[in-house]
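Asks: here you go, sequence then predicted model.
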Amino acid sequence: MTWDSFYNFLHIKGFIYFISSSQIQDMLFPIKLIFVFFAFFFLIFVIYFMLNSSWLQYKFLEDVTEFFSWKAYGQRQISRQLGKIRKRTESGTESDYKLAIIDADDFLAQVLDNGGYEGKDFDESARKAEKLLQSSLDDILKAHQTRNSIVFNPDFKLSADQAKKVLDIYESAVKNIGME
């Protein structure tokens with residue numbers, strides 16, 4: 001089937017000849033110019049706002065960072081924060097262990113909120129992220145209870161081994177949620 005027979009079949013051959021005539025094209029030229037002007041204007045508008053917004057810079061920065069570090073974007077900040085928390089335990093004093101656990105709990109709560117697992121309290125947030133926590137939800141809730149004991153009971157005793165176990169639980173939870 002040729003185009004000519006197709007046009008005859010649809011009875012639009014006359015219309016196509018009319019639209020493509022030079023008289024109609026000359027009459028439509030100003031309208032074409034207006035549409036070209038608007039298209040150019042909106043193209044410049046979009047380019048201007050893309051260049052001046054932080055979204056494009058953020059996406060570019062995210063891609064470059066992931067490419068050169070071979071890690072998910074944000075992992076460096078997570079590792080740095082976990083390193084600061086671990087550094088508190090180097091002094092060997094019980095008060096620094098307690099502060100490290102409180103900081104780790106706060107950091108996990110922040111990571112949960114940033115990941116979209118918000119709740120009215122820590123337990124609800126952690127339960128929302130249960131799939132990412134890889135069956136360690138009970139350990140995390142026990143670690144949170146330890147944190148609450150530290151905060152609300154000034155006489156609470158904490159050994160170095162217990163503090164390191166609790167910090168390991170928080171660290172694995174933060175890494176699991178942060179890798180999402």
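Replies: Here it is on my side, so go on. Quick caveat: nothing in here was measured; it's all calculated off a predicted structure.

Asks: residue nearest the centroid of the protein?
Replies: Centroid check for the chain by Cα atoms, centre = their mean gives residue 115 as the closest residue, at 7.4 Å.

Asks: low-scoring stretches of the chain, by residue?
Replies: Residue ranges of the chain with pLDDT under 70: 1, 56-57, 62, 65-66, 69-76, 132-135, 178-180.

Asks: my read: residue 119 touches residue 109, true?
Replies: No: judged on Cβ atoms under 8 Å, residue 119 makes no contact with residue 109 at a distance of 9.6 Å. Glycine gets a C-beta too; all of them are placed from N, C-alpha and C.

Asks: between these two, what contacts are shared?
Replies: Common neighbours of residue 119 and residue 109 (criterion: Cβ atoms under 8 Å, 6 or more residues apart in numbering): residue 125.

Asks: which of these two has more residues huddled nearby?
Replies: Using other Cβ atoms under 10 Å as the criterion, residue 119 and residue 109 rank with residue 109 on top: 19 against 15.

Asks: tell me how far the more buried one lies from residue 102.
Replies: Taking Cβ to Cβ, to the nearest Å as the measure, residue 109 falls 11 Å from residue 102.

Asks: got it, and residue 172?
Replies: From residue 172 to residue 102 the distance is 18 Å (Cβ to Cβ).

Asks: backbone dihedrals for residue 109, please?
Replies: phi -60, psi -40 (degrees, to the nearest 10).

Asks: skipping its backbone neighbours, what lies nearest it in space?
Replies: Nearest in space to residue 109, with sequence neighbours left out and distances taken as Cβ to Cβ, 6 or more residues apart in numbering, is residue 122 at 5.7 Å.

Asks: quick one: that neighbour and residue 110 touch, right?
Replies: No: with contact defined as Cβ under 8 Å, residue 122 does not reach residue 110; the gap is 11.1 Å.

Asks: so these two - more neighbours on which side?
Replies: A direct count of neighbours by other Cβ under 10 Å for residue 122 and residue 110 places residue 122 higher, at 18 against 12.

Asks: contacts only, for the more buried one.
Replies: Residue 122 neighbours (Cβ under 8 Å, 6+ apart): 105, 109, 112, 144.
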